[in-house]
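> the sequence and its predicted three-dimensional model are supplied below.
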Amino acid sequence: MDDPFRRWYSSPLRSEDIVAGGSMVALSLIFLIFYGLVMFLLWKSSKEIIGFRYLLSSAFAECQVMIH
C-alpha cells in the first residue's frame with residue numbers, strides 16, 4: 001500500500017515552494033525591522049507614559065513569535 005504522505009515528503013521542492021518560503025522569510029525580515037523601529041520608539045517614550053511599557057513587552061513577544 002502506497003502512503004501518500006511518504007510520496008509527498010520524498011518529492012523534490014518545486015519553484016513554487018521556494019518562492020513561497022522566500023517570500024515568507026522576506027516578509028518576516030521586513031516586519032521585524034518595522035517592529036524594531038516601533039520598539040525603539042516605545043522604549044524612548046516609556047519613561048513618560050507607563051502604558052508604553054506594556055506595548056513594548058507585547059511587541060517584543062510578537063517579535064519572538066515571528067522568529068520562531
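Looks like it arrived, so ask away. Residues are numbered from 1 along each chain as shown.

> low-confidence ranges, the protein, go.
1 (pLDDT under 70).

> can you give me the helices for it?
4-10, 15-45, 51-67 (DSSP state H).

> could I get those as TSV with mean neighbour count?
Placement of C-beta: from N, CA and C, glycine included. Listed next are these as TSV, based on neighbours: other Cβ atoms under 10 Å:
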stretch	mean neighbour count
helix 4-10	8
helix 15-45	12
helix 51-67	13
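
> quick one: residues contacting the residue nearest to the spatial centre of the chain.
The centroid of the chain falls nearest to M66 when counting by Cα atoms, centre = their mean (2.5 Å). M66 is in contact with 28, 31-32, 35, counting by Cβ atoms under 8 Å, 6 or more residues apart in numbering.

> before we move on, what about G36?
G36 neighbours (Cβ under 8 Å, 6+ apart): C63.

> could you measure it against I30, distance?
11 Å (Cβ to Cβ, to the nearest Å).

> check S45 too.
For S45 relative to I30 (Cβ to Cβ), the value is 23 Å.
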